[in-house]
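J.: Predicted coordinates and the sequence they were generated for:
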Amino acid sequence: MLAGTIETELLRSLRAALPQSESQTFILSAKSEDGNLVGGLTASTSYGWLLVKNVWVAESQRGKGLGRALMAKAETKARDLGCHGVWLDTSSPDAMRFYQRLGYETFGQLSNATGQAPETHCRWFMKKAL
């Protein structure tokens, strides 16, 4: 609740100082035939960009096209909302390769240096024009 209030107040302040586009938040979900949640995506729009915040697919559903379908649906919704691009970040090498296969390109990278824990951590920031 508090996080939502902070984000709402920040957006209110930004609208007063900068020209804004429509800001929309949405959630997509996928359920199995028996009604169990097996995947989902959360996203929001700002300044003509869709930010994909979270994507999750149940282990049992991976490799079956569900992640691709969720991303395609999010991109379609982004276009409908007037977005010209999508961006996201991930620290999973497997997810990074998944997004690359969907046409996303890396525009930034944040990596831990030698001696910083965990040493192998890397976060990729990725984007795709719509």
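T.: Thanks, I have the structure now.
J.: Regarding the closest residue to Thr45 other than its chain neighbours, what are the backbone dihedral angles?
T.: Distances taken as Cβ to Cβ, 6 or more residues apart in numbering put Gln24 closest to Thr45, at 4.8 Å, once the chain neighbours are dropped. (C-beta placed from N, C-alpha, C; glycine too.) Note on Gln24: its backbone torsions stand at phi -130, psi 140 [degrees, to the nearest 10].
J.: Which residue of the chain lies farthest from its centroid?
T.: Within the chain, the residue lying farthest from the chain centre (Cα atoms, centre = their mean) is Gly115, at 29.6 Å.
J.: Got phi/psi on that one?
T.: Backbone phi and psi, for Gly115 under degrees, to the nearest 10, turn out to be phi 90, psi -10.
J.: same deal with the one 10 residues further on?
T.: Per-residue torsions, Phe125: phi -100, psi 130 (degrees, to the nearest 10).
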